[in-house]
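[1] Predicted coordinates and the sequence they were generated for:
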Amino acid sequence: MALKVKIEGKTLEVVQGDLTEQDTEAIVNAANERLIPGGGVDGAIHRKGGPSIAEEARKIGHCPTGSAVVTGAGRLKARYVIHAVGPVYKDGRSGEAELLASAYRESLKRATELGLSSVAFPSLSTGAYGYPLEEAAPVALSTILDYLQEHDRPSLVRMVLWGEKAYRTYAEALKRLAQERGLSLEGD
Ligand code: AR6
């Protein structure tokens with residue numbers, strides 16, 4: 001299952017799958033401020049990528065919420081892991097949306113700085129950090145679309161959703177945004 005929109009010649013894709021299997025040049029990790037390996041997609045990245053990722057992350061040491069830092073990707077197919085720290089969801093009125101948008105934007109900036117053409121994201125903050133999927137999806141997708149509109153690279157951004165419910169939520173949000181912005185959709 002996949003859905004995509006084109007904007008200024010660049011592509012935003014929403015797919016169901018496993019982030020750690022992506023062959024994009026970078027994958028984004030849902031990290032924590034201390035950059036210490038945890039559970040969720042972070043745990044999966046470190047398990048599959050091997051110890052070099054945590055070793056590099058330890059040297060960096062810290063990443064504030066809403067920011068993103070880069071390491072290599074060890075044994076993963078990607079070349080880089082961009083470690084983004086999304087907000088812990090409290091009540092939706094504590095600046096969460098701004099911080100979530102910032103985590104996506106800062107990750108995309110790291111990809112641009114590295115000259116990358118493709119990057120894959122998980123749904124930041126929507127697991128252990130408790131951000132409701134329905135609220136997170138439009139923030140994530142509109143931030144990515146805004147960025148693609150204004151930058152040449154990356155030219156492909158793939159949102160990789162774990163499970164059908166997350167996929168459907170993001171697919172519906174993308175349909176709504178595409179309609180609002182007059183962008184045409186491809187796929188199911
Ligand atoms: N591929 C794609 N998405 C996945 C995968 C996967 N292999 N595995 C889980 N997800 P979470 P957060 C989805 O908890 O909420 C860690 O302990 C998952 O279903 O990974 O930002 C860190 O160290 C959910 O929708 O990240 C931090 O301490 C989404 O990824 C903290 O969790 C994000 O869930 C970060 O919490």
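    Looks like it arrived, so ask away.
[2] Spell out which residues of this structure are next to the ligand.
    The chain has residues 18-20, 30-32, 38-42, 44, 86, 122-129, 160, 162, 166 near the ligand, with proximity defined as C-beta under 6 Å from any ligand atom. Where you see a C-beta, it was placed from the backbone N, CA and C, and this is true even at glycine.
[3] Pull out the buried residues from these.
    Among those, those classed as buried by 16 or more other C-beta atoms under 10 Å are 19-20, 30-32, 38, 40-42, 44, 86, 122-127, 129, 160, 162, 166.
[4] Among those residues, which are located in strands?
    Here DSSP state E is the test, and those give 30, 160 as lying in strands.
[5] Helices - which of the buried ones among the residues of the chain next to the ligand land there?
    Counting by DSSP state H, these place 40-42, 44, 166 in helices.
[6] Give me the contacts around stretch 66-76.
    20, 26-28, 35, 45, 48-53, 56-57, 60, 63, 79-87, 98-100, 102-103, 106-107, 109-110, 114 (C-beta atoms under 8 Å, 6 or more residues apart in numbering).
[7] now the strands: where do they sit in this structure?
    Secondary structure of the chain, counting by DSSP E: strands at 2-7, 10-16, 26-30, 68-72, 80-84, 118-121, 156-161, 185-187.
[8] possible to save those as a markdown table with mean pLDDT?
    Below are the strands of the chain laid out as a markdown table (pLDDT from 0 to 100):
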| stretch | mean pLDDT |
| --- | --- |
| strand 2-7 | 96 |
| strand 10-16 | 98 |
| strand 26-30 | 99 |
| strand 68-72 | 99 |
| strand 80-84 | 99 |
| strand 118-121 | 98 |
| strand 156-161 | 98 |
| strand 185-187 | 91 |
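[9] What pairs with the lowest-mean-pLDDT helix or strand in the chain, parallel or antiparallel?
    None of the helices or strands of the chain scores lower by mean pLDDT, DSSP states H and E than strand 185-187, at a mean of 91. Strand 185-187 has its sheet partners listed here by DSSP bridges as strand 2-7 (antiparallel).
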